[in-house]
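>>> when you get a sec, could you give me coordinates for this:
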Amino acid sequence: MRPNEGLRDPFQQARLWRQSRSIETITQQIALLTSKNAPFLAHCIESVGPQHGDHVTNAMLGLSWHQFAEALDCVWIINKQMEWSLSRQVNGLNGYMVYASEAKKLGLTAGFFCTGFQDAPHVQFRRNSSPLSVFSYAEIDQEMHRRFGG
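A predicted model of the protein is given here:
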């Protein structure tokens, strides 16, 4: 396994989140952030513009532990190539299953074992699925602005 992405700024998270969302969903999210006193997050999601691609995250910007430097995504490398398959095996083992099992032994939360959206490359320090279970939107907004607002 090789580290692929750790700290992710809210602009990058906005790009990833937006790429599989309709304009109606994006507009609703901007309105929600504005109503929750999170103007910096609303600015981030609006400023990255249209994005297109596959669904890769359920975490809206600011609501991923990546923005708090408490999460890491790794990729499985086979013969110098990145492998994303959850079913491929080498010597009877899938790299993501081994990675997640070892992370769990260390007390980390592994996305491989998440119900709903399975995020096999992802591990995080906290058991809380989202910073929103610990902080308010306004607190997250202030912290993201402090860290990434320039």
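
>>> domain parsing for the protein?
Per the record, the chain has its domains at 8-66+131-148, 70-124, by automatic domain parsing.

>>> and those, which is most packed in?
The highest mean neighbour count among these, using mean count of other CB atoms under 10 Å, belongs to domain 8-66+131-148: a mean of 17. From N, CA and C alone the C-beta is placed, and that goes for glycine too.

>>> same question for that one, mean pLDDT?
Domain 8-66+131-148 shows a mean pLDDT of 95.

>>> okay, how far is it across that domain, tip to tip?
End-to-end distance for domain 8-66+131-148: 10 Å, by CA to CA, to the nearest Å.

>>> any idea how far that domain is from the chain center?
With CA atoms, centre = their mean, to the nearest Å as the basis, domain 8-66+131-148 stands 11 Å off its chain's centre.

>>> could I get the full set of strands for the protein?
Per DSSP state E, the chain carries strands over the ranges 2-5, 71-78, 81-83, 109-110, 122-124.

>>> hmm, back to that, which of the domains of the chain sits closest to residue 1?
Among the domains of the chain, the nearest to residue 1 by CB to CB is domain 70-124 (4.2 Å).

>>> give me the average confidence score over that closest one.
Mean predicted confidence for domain 70-124 is 95.

>>> tell me who's in contact with the closest residue to residue 3 other than its chain neighbours.
Spatially, and ignoring its direct neighbours in sequence, residue 3 is nearest to residue 74 (5.5 Å; CB to CB, 6 or more residues apart in numbering). Counting by CB atoms under 8 Å, 6 or more residues apart in numbering, residue 74 makes contact with 1-4, 99, 121, 123.

>>> go again using 10 Å as the cut-off
Shown in contact with residue 74 (CB atoms under 10 Å, 6 or more residues apart in numbering): 1-6, 95-96, 99, 103, 120-123.

>>> ok, those residues vs residue 145, which is closest?
For the contacts of residue 74, the closest approach to residue 145 (CB to CB) belongs to residue 6, at 20.5 Å.

>>> I'd guessed that closest one sits against residue 125; true?
No - taking contacts as CB atoms under 10 Å, residue 6 lies outside contact range of residue 125: 11.5 Å.

>>> shared neighbours of those two, anything?
By CB under 10 Å, 6+ apart, the residues touching both residue 6 and residue 125 are 69-72.

>>> lovely, talk soon.
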